[in-house]
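In: Okay, predicted coordinates and the sequence, questions at the end:
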Amino acid sequence: MLTRIRASELPVDQFHADLHRICGQFDLRAADARGRMRGGVHLEERAGIECAHVAADVQQVFRSSRQIRKDNGENYFLILQEEGRALMNQNDVACLLHPGDMVLIDSACPSEFTFFGHYTRQLSLHLPRAEMHARFGYDLIRGGISLPRHDPTNTALCAVLGKVFSAPDNAATQGYLREAMFGLIGAMLHERTGHEGFAGIDSDIGGARALAQGQAYIDAHYRNPDLTIADIAEDLGMSLRQLQRGFAAIGTTPTKYLLVRRIEHARRGLDDRRAGRRADLISSIAYEAGFSDLSYFQRCFRKAFGTSPKGYALGLTTEDTTEDEADFPVQ
């Protein structure tokens, strides 16, 4: 763990105010109707970069166009998931964050983090927009770029961050570490956007095109329960290997991306069900999202978020649910 933050029980309104003060205009959905939560927000500066430590057990934190109009979104956020899991959405990209994963968020674009009421900790590096554009230009940077924990650039970034938080507060040392961080962020941006001239099989222009086409195809057809990865490659006129190499550039596979899209669709349907905006059976929501096997849907949902679809629909914690869900299509 790179950071330590003392989490205590506090009013949701206080956490919301602290989040606003440190990270900007965000809204949230609490997991507890009592208006209390466990968490905290703390800001410090390291290597000339604002570092926000955020811990919370809320349901969701999001930044809409309305919030963006209230502040100028002067930073990009490089977020390291340190504890718990989160589902991130920005620019029509959805990714599951596990401990050690990173994602780059653009504060000038709507974003959404779903935590499912479980306790999570994140480190958010506030990267000044003007400096990012001066260093890397406008074309390379976009919100929603993920960097999985097993990626070598992620490993290097975490090592530098470890030094940043443990090194003496010496201006020269912190300056070198700052440059090391920005150098690795630049490498990540070049690799993830398929920049010409970057050495690496996953970053060639053909791979970037395969990724863009594959994502667009899955985004449009993921609700088809008969969709297969082989079908996608055939319809796009590329080999299965080309398609897989394209998705490898963002640290995932076509199969995992398809599953995330289906899980996210189902999660939104369950949110609407909890809010009374729809009264469908959970099974109907699963089928609508593209799942044809309810047992498989249950396993995937529980594995991703630590609770069952039924438990989530009823607002229960993981401990309140059981593995046996024969009555899965609850009324």
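Out: On my side now, so go ahead. Just so it is clear, the structure is predicted and the values come from calculations on it, not from any experiment.

In: Nearest to the spatial middle of the protein, which residue is it?
Out: M88 (2.9 Å; CA atoms, centre = their mean).

In: My reading is that it lies in a helix. Confirm?
Out: No: assigned with DSSP: H, G, I helix; E, B strand; the rest coil, M88 falls outside any helix and is strand.

In: Make 58 the first number, not 1, from now on.
Out: Taking 58 as the first residue, the last one we looked at is M145.

In: Go ahead and confirm it touches D163.
Out: No: M145 sits out of contact with D163 when judged by CB atoms under 8 Å, with a separation of 12.0 Å. Quick note: C-beta positions are derived from backbone N, CA and C, even for glycine.

In: Name the residues contacting each of those two.
Out: Listed as contacting both M145 and D163 by CB atoms under 8 Å, 6 or more residues apart in numbering are G201.

In: For V111, see how far away the residue nearest to the centre of the chain is.
Out: As for M145, its distance to V111 is 13 Å (criterion: CB to CB, to the nearest Å).

In: Repeat that for A269.
Out: Shown here: A269 relative to V111, a distance of 31 Å by CB to CB.

In: Compare these two (neighbour count), which wins?
Out: When A269 and V111 are compared for neighbours, V111 comes out ahead with 25 against 12, by other CB atoms under 10 Å.

In: where does this structure have low pLDDT?
Out: Scanning the chain with the threshold set as pLDDT under 70 gives 58-62, 173, 250-265, 306, 373-388.

In: what residues go with each domain of it?
Out: Here the chain is described, according to automatic domain parsing, as comprising the domains 65-249, 258-309, 314-377.

In: for stretch 70-88, which positions count as buried?
Out: Counting neighbours by 16 or more other CB atoms under 10 Å, one finds that the buried residues in stretch 70-88 are 72-73, 75-77, 79-83, 85, 87-88.

In: Pull the distance from the helix or strand containing F222 to the chain's centre.
Out: Secondary structure from DSSP states H and E places F222 in helix 209-223. What separates the centre of helix 209-223 from the centre of its chain is 20 Å, taken as CA atoms, centre = their mean, to the nearest Å.

In: ditto for stretch 171-191
Out: 10 Å.

In: From one end of stretch 302-321 to the other, what's the distance?
Out: Counting by CA to CA, to the nearest Å, the length from the leading to the trailing residue of stretch 302-321 is 24 Å.

In: What strand or helix carries the closest residue to F119 other than its chain neighbours?
Out: In space, F119 comes closest to E169 once its chain neighbours are excluded; the distance is 4.2 Å by CB to CB, 6 or more residues apart in numbering. Take DSSP H and E as the rule and E169 turns out to sit in strand 168-171.

In: Check which helices and strands the helix or strand following that strand sits against.
Out: Taking DSSP H and E as the definition, the helix or strand that follows strand 168-171 towards the C-terminus is strand 177-185. Packing partners of strand 177-185 (3 or more CB pairs under 8 Å, 6 or more residues apart in numbering; DSSP states H and E): strand 106-113, strand 132-140.

In: buried ones in strand 177-185?
Out: Within strand 177-185, the residues that qualify as buried by neighbour count (16+ other CB under 10 Å) are 177-184.

In: For those residues, give me JSON lines that also has distance to F193.
Out: As requested, the buried residues of strand 177-185 are arranged in JSON lines below (distance: CB to CB, whole Å):
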{"residue": "T177", "distance to F193": "29"}
{"residue": "R178", "distance to F193": "28"}
{"residue": "Q179", "distance to F193": "23"}
{"residue": "L180", "distance to F193": "21"}
{"residue": "S181", "distance to F193": "19"}
{"residue": "L182", "distance to F193": "15"}
{"residue": "H183", "distance to F193": "16"}
{"residue": "L184", "distance to F193": "10"}
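
In: of the residues you listed, closest to Y353?
Out: Within those, the smallest distance to Y353 is 25.9 Å, found for T177 (CB to CB).

In: Identify all residues paired with the closest one through a beta bridge.
Out: Partner residues in beta bridges with T177, using DSSP bridges, are A113.

In: From the contact counts, what lies against the helix holding F222?
Out: Counting by 3+ CB pairs under 8 Å, 6+ apart, the packing neighbours recorded for helix 209-223 are strand 202-204, helix 228-249.

In: Specify the next element, helix or strand, located C-terminal of the last one.
Out: Note on helix 228-249: by DSSP H and E, the next helix or strand toward the C-terminus is helix 262-278.
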